[in-house]
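Novice: got a sequence here, can you model it:
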Amino acid sequence: MHHRRGTTVLCVLIAVVLTAGVVSALVVQRSPRLARAEAPSTSVAPSVPRSDPGGGLWASGPSSSTTTTEAAEALPSGPDVSAYSGVGTWVDAFDYAPAYHRPREGPLLVPDDVDAMAARGVRTLFLQAARLDERSPEGIVDRAVVATFVERAHDNGMDVVGWYLPKFADVEADLANLRLIRDFDVEGQRFDGIAVDIEYRRDVPDHAERNRRLIDLSRRFREEAPDHALGAIVYPPVLFEDIRPGFWPDFPWKELVKSYDVWLPMVYWTEIAAESSYGEGYRYTEAGMRTLIANLGEPSALIHAIGGVADASTVDDFEGFVRAAGETDVLGFSMYDYRTTSTAGWKVLAPGPPG
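Specialist: Predicted coordinates for the structure are as follows:
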């Protein structure tokens, strides 16, 4: 009797050790992008409950289940990038701010529209929070309205990433506006991430000087916002390499790697359809993701893909975009923009990428 009990205990111990080994192996073999996304957060973003409409890949943070100490220590620390995961949507100043209203485009979006976003499975609202023009004299587009949007999104369990378009003519002015987004706080409502929209060329036509200013702005803001999840909204490199050579020569991909946590390529197949065979959802997205990773030299780069433009896209484009995004293991995706995404489009986007 005593011998049988000892054998039973020994078997149980062996089973426990083997199970722990399997769990550890699974943790180690997880996608490096997903592991980075679930790293312990040092972000100063507000502590607001989050929901996860999609589940699975779209998890908003670490699992509540216990992992081994070794696995936890293996995850890199850094800003919480979970705001860039899952299904997102985009709203610019012309969509919601009275000073930018264009009546021909219909009524402005209001905070109540955030409830509809959440119902469609949107996890993150990308909101243009600041602009550099006379209609936003204080930098922030409309402080009261922005605060209400952020609060309503948080009430719906959504994240909000504030984005800004630098023009590079005055790096100090661009940096000041980014600081405004970083420091935005209305009764505890703050942004969960900050994205820099890197696309404006008009004010600094010399590409070498524009690149220098871009690197300077990015480096300085990274130093001033070390705990914030910073996103770089960029053109996909395939645009420069195969479609429009000379559009932005010598774009400083590797020089920007240390400044940004997440990359948001604008794979707008609708914008290049007339001049390229890449003008459809799957091919442009696949090529955009592949060339982005190659230019960054970072196989585990965190990516949130932006497709579009929504109202000029077919359901096939939506489906191809989703398929390509899933194949390239993105953190999340979205279409530009909320106002122009059809009901049929939302049905394709809401489940997230396949696999």
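
Novice: apart from its chain neighbours, what residue comes closest to residue 225?
Specialist: Distances taken as C-beta to C-beta, 6 or more residues apart in numbering put residue 182 closest to residue 225, at 5.1 Å, once the chain neighbours are dropped. Any C-beta I mention is one placed from the backbone N, CA and C, and that applies to glycine too.

Novice: any idea how far the one you found is from residue 123?
Specialist: Using C-beta to C-beta, to the nearest Å, residue 182 is found at 22 Å from residue 123.

Novice: name the residue in those two with the higher neighbour count.
Specialist: Neighbour comparison, residue 182 and residue 123: the larger count goes to residue 123, with 29 against 19 (by other C-beta atoms under 10 Å).

Novice: for the more buried one, give its distance to residue 199.
Specialist: Residue 123 is 24 Å from residue 199, by C-beta to C-beta.

Novice: swap in residue 330?
Specialist: Distance of residue 330 to residue 199, given as C-beta to C-beta: 20 Å.

Novice: more crowded one of the two?
Specialist: Neighbours per residue (other C-beta under 10 Å) separate residue 330 from residue 199, with residue 330 holding more: 26 against 12.

Novice: where does residue 173 sit relative to residue 228, distance-wise?
Specialist: For residue 173 relative to residue 228 (C-beta to C-beta), the value is 20 Å.

Novice: okay, these two: which has more neighbours?
Specialist: Neighbours were counted for residue 173 and for residue 228 using other C-beta under 10 Å; residue 228 has more, 24 against 14.

Novice: and that one, what are its phi and psi?
Specialist: Dihedral pair for residue 228: phi -100, psi 140, per degrees, to the nearest 10.

Novice: my read is that it contacts residue 78, right?
Specialist: No - look at residue 228 against residue 78 with C-beta atoms under 8 Å: they stay out of range, at 10.4 Å.

Novice: hmm, who's touching the one helix or strand residue 316 maps to?
Specialist: Element membership of residue 316 [criterion: DSSP states H and E] is helix 315-327. Contact with helix 315-327 is made by 267, 269-270, 280-283, 285-286, 289, 305, 307, 313, 333, 335, 344-345, 348-349, 352-355, as judged by C-beta atoms under 8 Å, 6 or more residues apart in numbering.

Novice: drop anything exposed from the residues you listed.
Specialist: Buried members of those, counted by 16 or more other C-beta atoms under 10 Å: 267, 269-270, 280-283, 285-286, 289, 305, 307, 313, 333, 335, 345, 348-349, 352-353.

Novice: residue ranges with poor pLDDT in the stretch 1-150 of the chain?
Specialist: Per-residue confidence of the stretch 1-150 of the chain (counting by pLDDT under 70) places the weak regions at 1-77.

Novice: if you set the cut-off to 50 instead, what comes out?
Specialist: The model of the stretch 1-150 of the chain has pLDDT under 50 over residues 1-75.

Novice: contacting residues for the most centrally placed residue in the chain?
Specialist: Nearest residue to the geometric centre of the chain (C-alpha atoms, centre = their mean): residue 84, 3.4 Å. With contact set as C-beta under 8 Å, 6+ apart, residue 84 has these partners: 37, 124, 161, 193, 229, 231, 262, 264, 302, 304, 331, 332.

Novice: pick out the lowest-pLDDT one from those.
Specialist: Minimum pLDDT for the contacts of residue 84 is recorded at residue 37 (48).

Novice: OK, contacts around residue 291?
Specialist: 236, 237, 238, 241.

Novice: next one: residue 164
Specialist: Contacts of residue 164 by C-beta under 8 Å, 6+ apart are 128, 129, 130, 131, 174, 177, 178, 181, 194, 195, 196, 197.

Novice: again with residue 236
Specialist: By C-beta under 8 Å, 6+ apart, the contact list for residue 236 reads 265, 266, 267, 284, 287, 288, 289, 291, 292.

Novice: hmm, 10 Å instead?
Specialist: 243, 263, 265-268, 272, 278, 284-285, 287-292, 295, 305-306 (C-beta atoms under 10 Å, 6 or more residues apart in numbering).

Novice: repeat for residue 199
Specialist: Listed by C-beta under 10 Å, 6+ apart, the contact set of residue 199 reads 165, 166, 233, 234, 235, 248, 266.

Novice: same check, this time on residue 95
Specialist: Each residue near residue 95 by C-beta under 10 Å, 6+ apart is listed here: 101-102, 105-106, 108-109, 113, 127-128, 337-340.

Novice: the residues you listed in strands, which ones?
Specialist: If you go by DSSP state E, the contacts of residue 95 have 127, 128 in strands.

Novice: hey, what's residue 197 bridged with?
Specialist: Going by DSSP bridges, residue 197 is paired in beta bridges with residue 233.

Novice: can you report how many residues neighbour it?
Specialist: Counted with other C-beta under 10 Å, residue 197 comes out at 18.

Novice: residue ranges for the strands of the stretch 151-300 of the chain, please.
Specialist: 159-164, 193-197, 230-234, 262-267 (DSSP state E, counting those that start in this stretch).

Novice: most tightly surrounded among these?
Specialist: strand 262-267 (a mean of 27; mean count of other C-beta atoms under 10 Å).

Novice: now that one and strand 230-234, what's the angle there?
Specialist: Going by axes from the mean of the first three to the mean of the last three C-alpha atoms, to 10 degrees, strand 262-267 is angled at 20 degrees with respect to strand 230-234.

Novice: render the CA-only coordinates of strand 262-267 in CSV, please.
Specialist: C-alpha atoms of strand 262-267 as CSV (Å, rounded to 0.1, in the frame of the first residue of the first chain):
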residue,chain,number,x,y,z
VAL,A,262,4.4,50.7,-33.6
TRP,A,263,4.3,51.2,-37.3
LEU,A,264,1.1,52.2,-39.1
PRO,A,265,1.6,51.9,-42.9
MET,A,266,-1.0,53.6,-45.0
VAL,A,267,-1.7,50.9,-47.6
